[in-house]
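Q: need a structure here:
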Amino acid sequence: MIFWGGSMKFVLIFGPQAVGKMTVGHELEKRTDLKLFHNHMTIELVTPFFEYGTKEGNRLVSLFRQEIFEAVAKSDLYGLIFTFVWAFDLQADWDYVDHVCRIFESKGGTVYFVELEADLNERIERNRSPHRLEHKPSKRNAEWSEANLKKSMKKYRLNSLDGEIKKENYLKINNTKLSAEEVAQMIKDRFQL
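A: I've put the predicted structure just below:
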């Protein structure tokens, strides 16, 4: 392991389901020394035992994430990319994002916010991509997954309003017509990662 002398970097990639967070994360990981921790890594770990959404499933997912965040924040790693579906109309989600950011900031780390948005038709298309299904077994029931995507879109606001996020290191990208490679390069360049 190379000791990284600078401050830990925490890149939070958020946006609605199937917008491309994990795929962009994989591309950003290839272009930097950041490690990708996409939200389904913990979900898929727990799901064989406790369905995601159940009390015990949620508790375990939360616990594993917390432990990984804390271990990485005090490590010599260059940094971490985490993907998240943020419901802007849920205070609990704002609180969770603040909580996770504080883990890194309390150790002198820097947080970067990257919001992705894309047209619904494009997201429905991406929802069935082989790359997504390879890494997210729980999404392989395409009918359920697509219905869930549409349901959560009606129930929650999954992209921010203009000016809603007042963070210094913030980038919003509409990636409907952009490749994951292009988006990853934009993030890398913007934040000099």
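
Q: drop to CA atoms for contacts and neighbour counts, all remaining ones
A: Fine.

Q: secondary structure class for the most centrally placed residue in the chain?
A: A centroid search over the chain (Cα atoms, centre = their mean) returns residue 83, at 0.8 Å, as the residue closest to the centre. Classification of residue 83 using DSSP: H, G, I helix; E, B strand; the rest coil returns strand.

Q: Give the bridge partners for it, please.
A: With DSSP bridges applied, the residues forming beta bridges to residue 83 are residue 13.

Q: what about residue 154, neighbour count?
A: When counting by other Cα atoms under 10 Å, one arrives at 10 neighbours for residue 154.

Q: Repeat that for residue 151.
A: Based on other Cα under 10 Å, the number of other residues close to residue 151 is 11.

Q: got a list of what it touches?
A: Residue 151 sits next to no residue when contact means Cα atoms under 8 Å, 6 or more residues apart in numbering.

Q: where does residue 33 fall, phi/psi-wise?
A: Main-chain dihedrals, residue 33, degrees, to the nearest 10: phi -100, psi 10.

Q: Could I get the full set of helices for the chain?
A: 21-31, 40-46, 55-73, 91-105, 120-127, 130-135, 142-155, 180-191 (DSSP state H).

Q: Assess the claim that the residue nearest to the centre of the chain and residue 42 are in contact.
A: No - in this structure residue 83 lies outside contact range of residue 42 using Cα atoms under 8 Å: 11.5 Å.

Q: how many neighbours does residue 146 have?
A: Residues within reach of residue 146, counting by other Cα under 10 Å, total 18.

Q: neighbours of the closest residue in space to it that isn't next to it in sequence, just the number please.
A: The shortest distance from residue 146 to any residue other than its chain neighbours is 6.6 Å, reached at residue 124 (Cα to Cα, 6 or more residues apart in numbering). Other residues within reach of residue 124 by the criterion other Cα under 10 Å amount to 19.

Q: This completes my enquiry, with thanks.
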